[in-house]
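S.K.: Build me a model from this:
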Amino acid sequence: MSGICLSRAAVSNITPHGFWLELGNEELYMPFVEFPWFEHITVAQLCQVQWAGSDHLYWPALDLDLTVAAIRNPAGFPLISTAYN
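M.R.: Predicted coordinates:
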């Protein structure tokens, strides 16, 4: 069964504030305030998402990897480290 993709990721809607990402039977909202890398890219770049594993998404045009866990709970994965504060 090599070469068969069992999981699909797709951008289903884009707003000025974020976008919706379909992951199989689940749909997640990704606000730009939480995911700033996507705010100023093209629609084509945004839609080139690959579901590379059960908890791993990849946008090749941006060379950006995110976990599904980080999308579901962005507060648990802050963009700024507090280790040195």
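
S.K.: ok, now how distant is Ala69 from Val49?
M.R.: Here Ala69 is placed at a distance of 16 Å from Val49 (Cβ to Cβ, to the nearest Å). Every residue, glycine included, has its C-beta placed from N, CA and C.

S.K.: the more surrounded of these two?
M.R.: Neighbours per residue (other Cβ atoms under 10 Å) separate Ala69 from Val49, with Val49 holding more: 23 against 12.

S.K.: my read: the more buried one touches His56, true?
M.R.: No: the criterion here is Cβ atoms under 8 Å, and Val49 misses it with His56 at 11.1 Å.

S.K.: Where do the helices of this structure begin and end?
M.R.: Here the chain has its helices, by DSSP state H, at 43-47, 68-72.

S.K.: Put the alpha carbons of the lowest-mean-pLDDT helix or strand in the chain into PDB.
M.R.: Lowest by mean pLDDT, DSSP states H and E among the helices and strands of the chain is strand 50-53, with a mean of 86. Taking only C-alpha atoms (Å, rounded to 0.1, in the frame of the first residue of the first chain), the coordinates of strand 50-53 have been written out as PDB:
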ATOM      1  CA  GLN A  50       0.900  18.600   3.900                       C
ATOM      2  CA  TRP A  51      -0.200  16.300   6.700                       C
ATOM      3  CA  ALA A  52       3.100  14.400   7.100                       C
ATOM      4  CA  GLY A  53       2.100  12.400  10.100                       C
END
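
S.K.: Understood, closing this out.
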